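1. no sequence on this one, just coordinates:
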Ligand code: OMP
């Protein structure tokens, strides 16, 4: 995209406004992770496609998930790992399908990218131009310079990994480091500080903090202030609960996106229930449970 096209595009649509509009009008901060593990796609869909048409089965599964849940979510977050084997065309078609449902539903392409300069170019172009995603997840380990090409897309949400949901997060993210303003603090707090006060010239940074670490979530909210959106994955299968998100809310009881993948998209139907009825019921349960704490 040329600079002029990028500027026009950013006036047309930026990440934060549609997200907030959608959260308010649908009373939902729920994001569903579209992580279509091929081995778990139900037989009712697999039976329609020969095994060499893996991509078609994934697309059909995603479409049915989107049909069943779009009225319950503010965002979808496809993790790109689940599309790399079948080809990114399936993800592009999935995103197009979401757009047709409601252009206010934001799509966060979860690729945990950022690299050296020339490698960043295809990353940025693939996520934002080819896939047309609204946001991307970014790994801060290469430093501010490496995330700049993402941040320059002013209309996009750039989700910087801050304190990840996994058990091993403490290995590196909790190492104590010295920081001029913060003193001696765990590394993840320095990432939060830099994201909020050094890297955020375009006001398009958001953070990722796992639901499995509520104390750390509270620390991050304290450091970054009320305006920054925090994506909170790790709900459901990883043990995160709706109440664990509370310390991440801002004073308007928003400022967060609660993300859940397997627990919803691979819900177990009860007898007499179709697969997608079970998926919708599970998504509704999580939306309502999260709202009960807002
Ligand atoms: P479930 O555990 O099935 O809900 O999936 C979690 C999704 O969120 C996966 O796509 C993960 O890669 C992603 N995720 C985490 O689980 N933990 C993190 O700290 C960050 C992410 C992410 O960036 O979305």
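-> Structure's in. What do you need? This one's a predicted model, so the numbers in the text were calculated from it and none came from an experiment.
2. going forward, measure contacts and count neighbours with C-alpha atoms only.
-> Noted.
3. can you pull the contacts of whichever residue of the stretch 1-150 of the chain sits closest to the ligand?
-> When distances are taken as Cα to the nearest ligand atom, the stretch 1-150 of the chain reaches nearest to the ligand at residue 79, 4.8 Å away. Applying Cα atoms under 8 Å, 6 or more residues apart in numbering, we find residue 79 in contact with 33, 34, 35, 109, 110, 111.
4. near the ligand, from those residues?
-> For the ligand, the contacts drawn from those by Cα under 6 Å from any ligand atom are residue 110.
5. most neighbours among the contacts of residue 79, which one is it?
-> Neighbour counts for these (other Cα atoms under 10 Å) peak at residue 109, which has 28 neighbours.
6. which non-adjacent residue is nearest that one?
-> Counting by Cα to Cα, 6 or more residues apart in numbering, the nearest residue to residue 109 once its immediate chain neighbours are dropped is residue 136, at 4.7 Å.
7. point me to the helix or strand that includes the one you found.
-> If you go by DSSP states H and E, residue 136 is part of strand 135-138.
8. quick one: secondary structure of residue 271?
-> When classified by DSSP: H, G, I helix; E, B strand; the rest coil, residue 271 comes out as coil.
9. what's the burial count for residue 274?
-> Using other Cα under 10 Å: residue 274 sits among 12 other residues.
10. next one: the one 5 residues further on
-> As a burial measure, the neighbour count of residue 279 was computed by other Cα under 10 Å and equals 22.
11. for residue 163, which residues are in contact?
-> Each residue near residue 163 by Cα under 8 Å, 6+ apart is listed here: 169, 173, 188, 208, 209, 210, 213, 216, 217.
12. what about the last one, which SS state?
-> Right, the one you point to is residue 217. Applying three-state DSSP to residue 217 yields a three-state assignment of helix.
13. which non-adjacent residue is nearest the closest residue to the ligand within the chain?
-> Nearest residue of the chain to the ligand: residue 164, at 3.1 Å (Cα to the nearest ligand atom). Here the nearest residue to residue 164 in space, its sequence neighbours aside, is residue 210; by Cα to Cα, 6+ apart that works out to 5.1 Å.
14. now do residue 233
-> Excluding the flanking residues, the one nearest residue 233 by Cα to Cα, 6+ apart is residue 259, at 4.5 Å.
15. shouldn't that neighbour be in contact with residue 237?
-> No - taking contacts as Cα atoms under 8 Å, residue 259 lies outside contact range of residue 237: 11.3 Å.
16. which one's the longest helix in the protein?
-> Across the chain, the helix with the greatest residue count (assigned by DSSP state H) is helix 275-292.
17. before we move on, back to that, give me the buried subset of the contacts of residue 163.
-> Among the contacts of residue 163, those classed as buried by 16 or more other Cα atoms under 10 Å are 173, 188, 208, 209, 210, 213, 216, 217.
18. rebuild those residues as TSV, extending it with secondary structure and pLDDT.
-> As requested, the buried ones among the contacts of residue 163 are exported to TSV (DSSP: H, G, I helix; E, B strand; the rest coil; pLDDT from 0 to 100):
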residue	secondary structure	pLDDT
173	helix	98
188	helix	98
208	strand	98
209	strand	98
210	coil	98
213	coil	98
216	helix	98
217	helix	98
